[in-house]
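>>> Sequence first, predicted coordinates after that:
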Amino acid sequence: MNNKKINITFILPSLAAGGAERVMSFVAQNIDKSKFNTTLLVTDFEKNAVYKIDNVNTIFLNKNRVLKAIPALFKYIIKQKPDIVISAIGHLNTVMAYISVFAPKTKFISREVNILSVLENYSTKSNPIGSYISKRRFNYFDKIVCQSLDMKADLLSNYNVNKNKLVVVNNPITDNFYYNESARSKSNTIRFITVARLKKQKGHERIIQALKKIDFPFHYTIIGDGPERETIFNLVKEANLTDNITHVKSTTEVYKYLNENDVYLQAAYIEGFPNAVIESSAVGTPILAFNAPGGINEIIEEGTNGFIVDNENDFINRLNEINKNYPFKPEKVSDCVMKKYSKEIIIKKYEDVFLSLMN
């Protein structure tokens, strides 16, 4: 290959708060600028962006829906002729798949964000035509980035995706999350935390049901908002746990909150590759998680940076054990994920995917 830089465009529906938005914009900002000319294309309005973008040409299409941005996306691809386009989040990936038909010289990459076969169980909408069109999108991509081995296995077994198109690249730990002993606070009362959208698949109700059955003092911080907020906090009230729980709808200080707590509680029924879990471990806060598809078993090394359980009784037993004799060393908890998901390791994997396509 010659020394000409590769023109690559990252496309997102928005820069609103979300894991896909943060990871994709982070990769766009950190890949090697001596090898890549990078553009970040966002279909949403600039005023809605919550992530600060540096050193990347950023274009906002200022459309309130991806559907309304299709003409502008098509025009951009045809006119600019990028070498590589990488998009994330299902509905946008579907649009880009069909646009790719009209740009045969451009390599198209889809970054998937969920275990799709499981996610379907939590969908409140039924649209057979839309589902059919969405599932066929995989045929049109040159490469599909899976966040976890579970995601890859799901696409192979349930969607018949060509295995040669699939590559596993986990999420990186972004710059804000690292072990700092002086930042960690101590308390006589054990403190738990969860950072997640308040949605059914995140499983907050499983945590509440378990916490109401333990008999030692604790405090639980829930960070996030969403459609299940009323249901979850009605359950909190019924369980007489209101005084034990702090709710933070949104914050830019997740790092601070993770450092202030002793254990991260993870109860999702499905994940893509949970950013908050690797970030919690990165700062030294271990995880107690229900077993679920989406990389949990890749992130957690049993007994070193957390525990994985199969049911509520096991969850409660682990809570009691941890409270009685805290078994974790924060520095080892951090090392557990930094050795696998540091910025340097994951950015290099993305660069290798891009370079292999152009070769």
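Received the coordinates, thanks.
>>> would you list every one of the helices in this structure?
Ranges of helices in the chain, per DSSP state H, are 19-30, 66-80, 90-99, 116-119, 128-135, 149-159, 204-211, 229-238, 254-259, 275-283, 296-299, 312-324, 330-341, 343-358.
>>> So what angle separates the directions of the fifth one and helix 149-159?
Just to be clear, that refers to helix 128-135. 120 degrees (axes from the mean of the first three to the mean of the last three Cα atoms, to 10 degrees).
>>> Which neighbouring elements make contact with helix 128-135?
For helix 128-135, the elements it packs on are helix 90-99, judged by 3 or more Cβ pairs under 8 Å, 6 or more residues apart in numbering; DSSP states H and E. (C-beta placed from N, C-alpha, C; glycine too.)
>>> re the thing from before, which stretch among the helices of the chain is buried most, on average?
helix 275-283 (a mean of 27; mean count of other Cβ atoms under 10 Å).
>>> got the angle between that helix and helix 19-30?
Using the same axes, to 10 degrees: helix 275-283 against helix 19-30 is 60 degrees.
>>> Excluding chain neighbours, what is closest to residue 33?
Spatially, and ignoring its direct neighbours in sequence, residue 33 is nearest to residue 55 (7.3 Å; Cβ to Cβ, 6 or more residues apart in numbering).
>>> distance of that neighbour from residue 347?
14 Å (Cβ to Cβ, to the nearest Å).
>>> List the residues that are in contact with both of those two.
Common contacts of residue 55 and residue 347, defined by Cβ atoms under 8 Å, 6 or more residues apart in numbering, are absent altogether.
>>> quick revisit: right, and the helices of the chain - which one's nearest residue 247?
Across these, residue 247 has its closest neighbour in helix 229-238 (7.1 Å, Cβ to Cβ).
>>> The closest one packs against which elements?
helix 204-211.
>>> okay, stretch 153-171 in CSV with CA atoms only?
Extracted C-alpha coordinates of stretch 153-171, given in CSV (Å, rounded to 0.1, in the frame of the first residue of the first chain):
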residue,chain,number,x,y,z
ALA,A,153,-21.9,-15.8,18.1
ASP,A,154,-25.4,-14.4,17.9
LEU,A,155,-24.8,-12.9,14.4
LEU,A,156,-23.3,-16.2,13.2
SER,A,157,-26.0,-18.5,14.6
ASN,A,158,-29.2,-16.4,14.3
TYR,A,159,-28.5,-14.1,11.4
ASN,A,160,-26.4,-16.3,9.1
VAL,A,161,-23.8,-13.5,8.7
ASN,A,162,-20.6,-14.5,6.8
LYS,A,163,-18.0,-15.3,9.4
ASN,A,164,-15.3,-13.6,7.4
LYS,A,165,-17.1,-10.3,7.8
LEU,A,166,-17.1,-10.4,11.6
VAL,A,167,-14.4,-9.0,13.8
VAL,A,168,-14.5,-8.6,17.6
VAL,A,169,-13.3,-5.3,18.9
ASN,A,170,-14.2,-4.5,22.5
ASN,A,171,-14.9,-1.1,23.8
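>>> residues in contact with it?
Under the contact criterion Cβ under 8 Å, 6+ apart, stretch 153-171 has outside partners 19, 23, 112, 115-118, 135, 138, 141-149, 151-152, 273, 275, 278, 293, 295, 298, 340-341, 346, 349-350, 353.
>>> my guess is the residue nearest to residue 33 meets residue 28, correct?
No. Contact between residue 55 and residue 28 fails when scored by Cβ atoms under 8 Å: they sit 9.3 Å apart.
>>> Provide a list of residues in contact with residue 96.
Residues in contact with residue 96 (Cβ under 8 Å, 6+ apart) are 11, 73, 85, 87, 108, 110.
>>> please redo it, this time with the cut-off set to 6 Å
Counting by Cβ atoms under 6 Å, 6 or more residues apart in numbering, residue 96 touches residue 87.
>>> do the one 10 residues further on as well
With contacts defined as Cβ under 6 Å, 6+ apart, the neighbours of residue 106 are 82, 85.
>>> Could you do residue 306 as well?
Neighbours of residue 306 in contact, by Cβ under 6 Å, 6+ apart: 286-287, 300.
>>> Serialize these to a markdown table and add fields for distance to residue 265 and pLDDT.
Below are the contacts of residue 306 laid out as a markdown table (distance: Cβ to Cβ, whole Å; pLDDT from 0 to 100):
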| residue | distance to residue 265 | pLDDT |
| --- | --- | --- |
| 286 | 11 | 98 |
| 287 | 8 | 98 |
| 300 | 13 | 98 |
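>>> In JSON lines: those, plus neighbour count and distance to residue 208.
Output for the contacts of residue 306, formatted as JSON lines (neighbours: other Cβ atoms under 10 Å; distance: Cβ to Cβ, whole Å):
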{"residue": "286", "neighbour count": "26", "distance to residue 208": "20"}
{"residue": "287", "neighbour count": "25", "distance to residue 208": "18"}
{"residue": "300", "neighbour count": "24", "distance to residue 208": "22"}
